[in-house]
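Q: requesting a structural model of the entry that follows:
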Amino acid sequence: MFVSTSKRFILSFSNQKSNSSEAEAAAVFAVAELERNKGGGLITRQQEEKLVFISKSGYPLWLFPKNDGIFVFDGFADSSFTISYAEIPSTKAFREDFEINSQPREKYLAFLSSQSNYFQRSVKEKNFLFRGLIAGSDLKDELNVYRREITDGNAQTIVTLLLPTLEETAIASMLSEFDKVQTQLREEAEMLPECIELINRTTSQYITEINYETAAAKEETDAKIKAQEELVNPQISRLNKDYSHKIRFLAESFDKELENLNRIRIKTQKSIESNEEEIKLCQKKAREQANKKHSIYEKRWKQKIKQIEKELKNLKSDLKKIEENLRKISKQKAQEISEINFELDAKIKLARQPIAELEAARDAKMLTFKLETEKMFKLEKPVIESLNKNIKLSDASKASFEGLYLRGQDLKSTALFYIPFYVVCYEMGLSRRYIIVPPSTITDIDFSTRLKGALGRSKVKDLFTPRFKAISDLIGRVQELTKQNSLFENQLYDLGQKNNFLKNSTYSESIQKGLVYLNHQGWLSDKEQQVLSNRLSA
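A: Purely as a prediction, here's the structure:
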């Protein structure tokens with residue numbers, strides 16, 4: 001049995017002031033008569049429908065204020081709504097693990113490495129089922145406007161209030177469970193920025209620490225290097241001096257030999273040139289004697305040429321040997337000087353060995369610090385990214401939760417809001433049929449409507465204009481419920497019989513006045529008014 005101490009409110013049907021109730025009553029009656037099956041038929045005789053009752057009922061909506069919003073539930077829980085949200089891994093567990101492993105630096109690095117995909121691998125999609133929740137934005141927006149037209153539902157009214165099948169306690173229990181979900185998600189979400197701040201701050205502290213250690217290690221090693229250089233540099237200076245003297249002495253020795261060979265080479269080259277000139281002169285003399293037919297003198301010159309050519313050949317052979325010696329000695333000089341320089345470099349390197357070892361150790365330590373810094377940043381990045389991703393998921397869940405309710409704090413306690421609608425019931429034999437008229441306004445007649453009347457077609461169907469589309473769709477489901485739910489249909493029928501406007505003399509008078517009004521407005525012809533009036537009185 002339905003029991004509730006919640007306040008009840010009834011919304012207006014048309015929200016029109018002048019002649020609204022009389023015109024409304026007459027319009028509903030006119031529509032009911034127009035839609036009634038009058039029977040007849042040329043081939044198969046159809047039975048005439050009986051208009052059993054016209055009543056006005058209220059469709060129940062639960063409004064539950066919660067925090068900064070108002071949840072709206074269908075009193076008949078005709079449908080359910082499932083909200084999906086991301087359940088992020090435990091931020092508290094992450095925080096506790098951080099507190100344990102934030103020191104020393106090695107443990108912190110291991111922590112970052114192990115947590116790199118903690119928030120990614122564990123994100124789960126969860127669902128929460130609301131029975132009867134109205135989550136559609138169009139209907140909620142319309143209701144937010146519509147609910148400002150309330151009247152006190154506990155006052156005397158001709159609207160019969162349908163009993164909701166979804167009880168207040170069931171809704172309160174659902175919202176309590178949902179509140180636990182929200183609280184848990186909110187607590188987890190609030191810790192996410194704190195975790196990011198902790199990670200950033202800890203990493204920054206360790207990077208500063210590494211920088212200080214780097215600077216200290218470099219300063220210490222540089223001091224040792226400087227001390228070693230004060231010992232080694234004089235040794236290197238002496239080595240350079242000694243080996244410079246040795247190289248100079250060796251070079252001078254080779255240079256003397258090269259100089260002698262160069263003198264001989266030049267002298268030999270000059271002798272070659274002299275002999276070549278002398279050969280040319282002898283050849284000229286031989287030709288002259290040949291021209292004079294002095295064969296004896298020609299022969300002598302030719303013999304001299306042979307003698308000089310032999311000598312020239314020997315000179316050229318000597319020159320080749322000299323040049324070969326020059327190349328060998330020059331190469332030997334360069335090689336021996338190179339060996340001395342190599343020996344000097346080896347001794348300098350040996351002298352600088354302590355410094356080189358210090359420099360190598362310093363560079364290795366600097367590289368270690370650099371790699372540790374890079375590793376820390378590299379390990380921190382996916383952790384921060386996953387934390388930020390979960391913040392976005394939490395924000396998305398929060399936004400989807402906010403879309404579940406109306407914004408506002410004007411309703412202080414749970415209330416039932418009833419949406420009024422007209423119910424027209426027909427009977428034909430054992431079957432019953434219903435027409436539902438949602439909250440509407442009576443339309444002002446226009447040219448197209450007048451034209452319908454001029455063509456002999458009824459204008460009554462255009463009398464009502466639904467005030468709200470989504471609310472009209474909701475009320476339209478009443479007709480489906482009468483076919484699907486026998487208990488609901490019986491409740492609607494019993495309440496309609498008890499509050500049948502056709503048996504209410506006051507309401508009948510309102511219909512008669514309303515018919516006159518509709519006639520004056522051009523909705524009904526004189527004949528249509530008379531027929532409906534007679535039908536009402538029958």
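Q: switch to C-alpha atoms for all contacts and neighbour counts from now on
A: Will do.
Q: name the residues that touch the strand or helix carrying N127?
A: In the assignment (DSSP states H and E), N127 maps to strand 124-131. Strand 124-131 is contacted from outside by 73, 77, 79-88, 174, 178, using Cα atoms under 8 Å, 6 or more residues apart in numbering.
Q: okay, these in CSV with neighbour count, secondary structure and pLDDT next?
A: Converted to CSV, the contacts of strand 124-131 look like this (neighbours: other Cα atoms under 10 Å; DSSP: H, G, I helix; E, B strand; the rest coil; pLDDT from 0 to 100):
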residue, neighbour count, secondary structure, pLDDT
F73, 26, strand, 93
A77, 18, coil, 79
S79, 12, coil, 77
S80, 14, strand, 83
F81, 17, strand, 88
T82, 13, strand, 89
I83, 14, strand, 89
S84, 14, strand, 87
Y85, 20, strand, 85
A86, 16, strand, 82
E87, 20, strand, 81
I88, 23, coil, 81
M174, 15, helix, 92
F178, 16, helix, 90
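Q: quick one: name whatever helix or strand follows the strand holding N127.
A: Next element after strand 124-131 (DSSP H and E): helix 137-146.
Q: hang on, the earlier thing: tell me the angle of the strand holding N127 relative to strand 80-87?
A: Between strand 124-131 and strand 80-87, the angle comes out at 160 degrees (axes from the mean of the first three to the mean of the last three Cα atoms, to 10 degrees).
Q: can you show me the CA trace of strand 124-131 as CSV?
A: Only the C-alpha atoms of strand 124-131 are listed here, as CSV (Å, rounded to 0.1, in the frame of the first residue of the first chain):
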residue,chain,number,x,y,z
LYS,A,124,37.2,-0.4,-14.9
GLU,A,125,33.9,0.7,-16.3
LYS,A,126,31.1,0.4,-13.8
ASN,A,127,27.3,0.7,-14.2
PHE,A,128,24.7,2.0,-11.8
LEU,A,129,21.1,1.2,-12.5
PHE,A,130,18.3,3.7,-11.6
ARG,A,131,14.8,2.4,-11.7
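Q: in its sheet, what does that strand sit against?
A: Next to strand 124-131 in the sheet, as set by DSSP bridges, lie strand 80-87 (antiparallel).
Q: give me the residues contacting the partner strand.
A: So strand 80-87 is contacted by 123-135, 185, 393-394, 397, 400-401 (Cα under 8 Å, 6+ apart).
Q: same check, this time on stretch 368-385
A: With contact meaning Cα under 8 Å, 6+ apart, stretch 368-385 is reached by 109, 112-113, 115-119, 196, 199, 203, 207, 210-211, 214.
Q: and what of stretch 356-367?
A: Here stretch 356-367 has contacts from 214, 217-218, 221, 224-225, using Cα under 8 Å, 6+ apart.
Q: so which of these comes closest to S386?
A: Among these, T214 lies closest to S386 (Cα to Cα), at 30.8 Å.
Q: distance check, the closest one against P354.
A: Per Cα to Cα, to the nearest Å, T214 is found 21 Å from P354.
Q: roughly how far is the helix or strand containing P234 from the heart of the chain?
A: Per DSSP H and E: P234 is located in helix 168-291. Once both centres are worked out by Cα atoms, centre = their mean, to the nearest Å, helix 168-291 turns out to sit 46 Å from its chain's centre.
Q: tell me what that helix is packed against?
A: In terms of contacts (3 or more Cα pairs under 8 Å, 6 or more residues apart in numbering; DSSP states H and E), helix 168-291 is packed against helix 91-101, helix 295-351, helix 353-402.
Q: and the first one, what other elements does it pack with?
A: Packing contacts for helix 91-101, counted by 3+ Cα pairs under 8 Å, 6+ apart, involve helix 105-114, helix 168-291.
Q: burial of A189, as a residue count?
A: Residues near A189, counting by other Cα atoms under 10 Å, number 22.
Q: rewinding a little: now a ChimeraX select for only the buried ones of the contacts of stretch 356-367.
A: Selection of buried members from these for ChimeraX, criterion 16 or more other Cα atoms under 10 Å:
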select :214,217,218,221,225
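Q: closest one of the contacts of stretch 356-367 to K267?
A: Looking across those and measuring by Cα to Cα, the closest to K267 is I225, at 58.9 Å.
Q: contacting residues for the closest one?
A: With contact set as Cα under 8 Å, 6+ apart, I225 has these partners: 355, 358-359.
Q: picking up where we left off before, any chance of the contacts of strand 124-131 in CSV with distance to H520 as columns?
A: As requested, those are exported to CSV (distance: Cα to Cα, whole Å):
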residue, distance to H520
F73, 42
A77, 44
S79, 44
S80, 47
F81, 48
T82, 52
I83, 53
S84, 56
Y85, 58
A86, 62
E87, 65
I88, 67
M174, 53
F178, 56
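Q: from the residues you listed, which two are the most distant?
A: Maximum distance among the contacts of strand 124-131 (Cα to Cα): 30.6 Å, for A77 and I88.
Q: still on that earlier bit, can I get the helices and strands packed on helix 168-291 in JSON lines with mean pLDDT and distance to E149?
A: Below are these laid out as JSON lines (pLDDT from 0 to 100; distance: least, Cα to Cα, whole Å):
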{"stretch": "helix 91-101", "mean pLDDT": "89", "distance to E149": "47"}
{"stretch": "helix 295-351", "mean pLDDT": "91", "distance to E149": "100"}
{"stretch": "helix 353-402", "mean pLDDT": "90", "distance to E149": "25"}
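Q: cool, thanks, talk later.
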